[in-house]
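Asks: structure, please.
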Amino acid sequence: MKNAWIAVIFLLFSTVLTIKAQSGEELFKTNCSSCHTVGKGRLVGPDLSGVYNLRNDEWLHSFIRSSQKMIQSGDKDAVAIFNEYKIPMPDQPLNDQQISSILDYIKQTDNAASGAQTAQNQGQAPADSTGAKPDSTKAVAAVKDTATYSADDVNLGGNLFFGYEPFVNGAPPCMSCHDINNPSALGGGRLAIDLSASYPKLGPAGIQGIVANPPFPAMKAAIKGQVTPEEIRALTAFLKAGSERSNYKKPSESGIILFTIGLVLAIFIIVQTFILYDNRNIPDRNILKPR
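Replies: A predicted model of the protein is given here:
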């Protein structure tokens with residue numbers, strides 16, 4: 001019994017140390033960086049630079065922990081954010097200390113950028129040349145307009161998306177959950193959002209961030225192993241190519257095609273049934289009479 005209690009105490013102590021060992025930067029990169037930046041422009045979600053000045057700590061803690069609860073409760077700020085970005089922020093299983101660490105990291109990043117900018121304005125070399133805060137409009141334009149891909153990238157991305165080629169780490173094909181404008185009569189999955197317009201909305205950085213570090217629990221569980229950089233690039237190329245097609249597949253087209261095929265098959269079966277019924281062999285009724 002004594003050994004059991006020692007084991008329990010050791011486990012709890014190890015858990016506490018693990019949580020404390022995670023810095024705000026590590027927590028941000030793990031839980032936030034796929035959708036947000038600090039001072040580098042909007043990504044999937046808003047740029048978090050200065051967010052601590054826009055909302056108080058209580059609101060930020062509640063929103064980070066469960067944005068959907070706040071939206072459902074009718075919080076006007078939470079509803080406004082959802083209406084602007086159209087993508088629900090997944091709930092984060094973080095405690096107050098971890099959330100505070102993330103907010104402290106954002107403040108530190110802002111302070112470093114501000115210090116670098118001040119030094120630059122004074123004609124001095126900034127202490128951290130990567131800390132300067134770029135114009136958010138330019139950052140978004142760069143994310144959307146500068147990426148170029150080869151035909152091989154697009155083909156590989158399509159093969160991975162539809163499952164013609166397996167992922168290195170065994171992740172299921174994207175069409176298991178997502179659809180995209182494509183000539184397939186069956187289309188893709190309906191468990192998650194249609195990705196036809198994902199590239200213009202998220203840009204390459206947003207897509208790559210989400211695939212590399214999925215913020216959505218279902219996607220995280222499905223992917224399991226990390227998708228390789230080559231696969232991420234290929235998927236991004238395929239989604240970009242899909243967004244550039246002029247003949248977008250309407251969501252209802254697959255249903256119409258399947259209904260038409262089903263109707264034709266049903267008519268064919270009915271006609272064949274009548275033909276076979278009329279040409280059936282009927283035994284002579286006299287064969288049943290006793291002799």
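Asks: hey, let's count contacts and neighbours off CA atoms from now on
Replies: Fine.
Asks: where does the chain have low pLDDT?
Replies: 1-22, 119, 121-146, 182-189, 245-258, 277-291 (pLDDT under 70).
Asks: how about the helices in it?
Replies: Taking DSSP state H as the test, the helices found in the chain are 2-21, 24-31, 51-54, 57-65, 67-73, 76-85, 96-121, 136-145, 151-162, 198-212, 217-223, 229-243, 253-278.
Asks: adding mean neighbour count and distance to residue 171, write the ones you listed out as JSON lines.
Replies: Below are the helices of the chain laid out as JSON lines (neighbours: other C-alpha atoms under 10 Å; distance: least, C-alpha to C-alpha, whole Å):
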{"stretch": "helix 2-21", "mean neighbour count": "11", "distance to residue 171": "28"}
{"stretch": "helix 24-31", "mean neighbour count": "18", "distance to residue 171": "20"}
{"stretch": "helix 51-54", "mean neighbour count": "13", "distance to residue 171": "35"}
{"stretch": "helix 57-65", "mean neighbour count": "17", "distance to residue 171": "28"}
{"stretch": "helix 67-73", "mean neighbour count": "16", "distance to residue 171": "28"}
{"stretch": "helix 76-85", "mean neighbour count": "14", "distance to residue 171": "28"}
{"stretch": "helix 96-121", "mean neighbour count": "18", "distance to residue 171": "30"}
{"stretch": "helix 136-145", "mean neighbour count": "14", "distance to residue 171": "26"}
{"stretch": "helix 151-162", "mean neighbour count": "20", "distance to residue 171": "10"}
{"stretch": "helix 198-212", "mean neighbour count": "21", "distance to residue 171": "11"}
{"stretch": "helix 217-223", "mean neighbour count": "15", "distance to residue 171": "5"}
{"stretch": "helix 229-243", "mean neighbour count": "22", "distance to residue 171": "11"}
{"stretch": "helix 253-278", "mean neighbour count": "12", "distance to residue 171": "25"}
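Asks: ok, the residue nearest to residue 237 when sequence neighbours are not counted - contacts?
Replies: Leaving aside its sequence neighbours, residue 237 sits nearest to residue 154 (C-alpha to C-alpha, 6 or more residues apart in numbering; 5.0 Å). Residue 154 makes contact with 234, 235, 237, 238, 241, according to C-alpha atoms under 8 Å, 6 or more residues apart in numbering.
Asks: same thing but 6 Å
Replies: With contact set as C-alpha atoms under 6 Å, 6 or more residues apart in numbering, residue 154 has these partners: 234, 237, 238.
Asks: go ahead and confirm the last one touches residue 156.
Replies: This points to residue 238. No: with contacts counted by C-alpha atoms under 6 Å, residue 238 stays clear of residue 156, the gap being 7.9 Å.
Asks: any idea how far residue 28 is from the nearest residue to residue 27 once chain neighbours are set aside?
Replies: Using C-alpha to C-alpha, 6+ apart and skipping the chain neighbours, the partner closest in space to residue 27 is residue 102 (6.4 Å). Residue 102 sits 6 Å away from residue 28, going by C-alpha to C-alpha, to the nearest Å.
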